[in-house]
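Undergrad: this one's structure only:
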């Protein structure tokens, strides 16, 4: 090996962790997308982090609650307090300028953007989902107290609502 190759090889070995990190980042960018993907469980699409639909949740709950013994056909109506909110990653830079005994501070905040070459997307650090305010359950078998109790408990567990915010009424067959 020539002297130039030896120097280059030593630099590569010295910076191997940086190179591994860069390679891992490139691999993630090439393999992964920036948007959330829909997954299917048992042939049915499930809600991903970036997609939250109250009507889809109501349909899934109605279908599940209809399987409770004696409930019959069930329809669920949910009320929510607000829509889903995304909390974006931000990069904050603070500059301080001292002039004698006076100090000025200037702060700039920028949203972190991932650029995958073809797409640009903000980095979402977390999602804030809406709080449920109440639920109405319309069930054919709601005239049975045990069925009403089972439906109320199931919806309370799924939505974290208290029983006082869940109403179960008898529906038409």
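TA: Perfect, thanks for sending it. Just so it is clear, the model here is predicted, and its values are computed rather than measured.
Undergrad: least confident secondary structure element in the protein?
TA: Ranked by mean pLDDT, DSSP states H and E, the helix or strand of the chain with the weakest confidence is strand 40-41, at a mean of 43.
Undergrad: buried ones in stretch 57-71, by neighbour count?
TA: By neighbour count on 16 or more other Cβ atoms under 10 Å, the buried set for stretch 57-71 is 57, 60, 61, 62, 65, 66, 68, 71. (Each C-beta comes from the backbone N, C-alpha and C, glycine too.)
Undergrad: what's it in contact with?
TA: 44, 47, 72-78, 137, 139-142, 144, 146-147, 150-151, 154-155, 158 (Cβ atoms under 8 Å, 6 or more residues apart in numbering).
Undergrad: all helices for the chain, in order.
TA: In the chain, the segments counted as helices under DSSP state H are 3-14, 16-31, 54-65, 145-159.
Undergrad: list just the nearest of the buried residues of stretch 57-71 to residue 100.
TA: Closest approach between the buried residues of stretch 57-71 and residue 100, by Cβ to Cβ: residue 57, at 60.7 Å.
Undergrad: any idea how far residue 152 is from that closest one?
TA: As defined by Cβ to Cβ, to the nearest Å, residue 57 lies at a distance of 17 Å from residue 152.
Undergrad: how is the chain partitioned into domains?
TA: The chain breaks down into these domains under automatic domain parsing: 1-32, 42-84+129-170, 86-121.
Undergrad: Serialize the ones you listed to TSV and add fields for mean pLDDT.
TA: Below are these laid out as TSV (pLDDT from 0 to 100):
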stretch	mean pLDDT
domain 1-32	68
domain 42-84+129-170	85
domain 86-121	79
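Undergrad: from those domains, which stretch is densest packed?
TA: Per-stretch averages of neighbours, counted by mean count of other Cβ atoms under 10 Å, single out domain 42-84+129-170 among the domains of the chain, with a mean of 15.
Undergrad: chain center to that domain: distance?
TA: 20 Å (Cα atoms, centre = their mean, to the nearest Å).
Undergrad: check stretch 88-96 too.
TA: Distance, centroid of stretch 88-96 to centroid of chain: 24 Å (Cα atoms, centre = their mean).
Undergrad: outside of that stretch, which residues touch it?
TA: Against stretch 88-96 from outside (Cβ under 8 Å, 6+ apart): 103-112, 122-125.
Undergrad: so for residue 133, what's the nearest residue that isn't a sequence neighbour?
TA: Using Cβ to Cβ, 6 or more residues apart in numbering and skipping the chain neighbours, the partner closest in space to residue 133 is residue 79 (4.5 Å).
Undergrad: is that neighbour bridged to anything, and to what?
TA: Residue 79 forms beta bridges with residue 134, as assigned by DSSP bridges.
Undergrad: same check on residue 95?
TA: residue 106.
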